[in-house]
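In: sequence first, then the predicted structure:
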Amino acid sequence: MGQGEFGIVNKAKLKSINETNGDFTFMDVAVKAQLPNMEVEDFKSLLREVKIMSHVGCHEYIVSFIGACTRNIKKRKTLQLKFKFK
């Protein structure tokens, strides 16, 4: 979809399961993944974005933040942010 200062954004499908009946549902999402070899200060800025977006909640002019994958975050790797399409 595009690339910004801190990462690249791709369109994806988020698969979730209905706990009541076991059915799967799919949602279109934007996944922002960090660029390789990101500088420490840029990585910190991306972490600040996660913190801010997690507190914003729903707003008609801002995409909804679903969550972030922080696997290997201590190594500054695999930080992905997921946003819901309207």
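Out: Sure, I can see it. Numbers count the residues shown, from 1 in each chain.
In: quick one: find the helix or strand in the chain with the lowest mean pLDDT.
Out: strand 80-84 (a mean of 62; mean pLDDT, DSSP states H and E).
In: residue ranges for the helices of the protein, please.
Out: Along the chain, counting by DSSP state H, helices occupy 40-56.
In: quick check: most distant residue from the centroid of it.
Out: residue 21 (27.3 Å; CA atoms, centre = their mean).
In: contacting residues around that one?
Out: Contact analysis of residue 21 by CB atoms under 8 Å, 6 or more residues apart in numbering lists nothing. (Each C-beta comes from the backbone N, C-alpha and C, glycine too.)
In: burial of residue 29, as a residue count?
Out: Residues within reach of residue 29, counting by other CB atoms under 10 Å, total 20.
In: from residue 50, how far out is the spatially closest residue to residue 54 that is not a sequence neighbour?
Out: Nearest non-adjacent residue to residue 54, counting by CB to CB, 6 or more residues apart in numbering: residue 65, 6.1 Å away. Going from residue 65 to residue 50 by CB to CB, to the nearest Å gives 8 Å.
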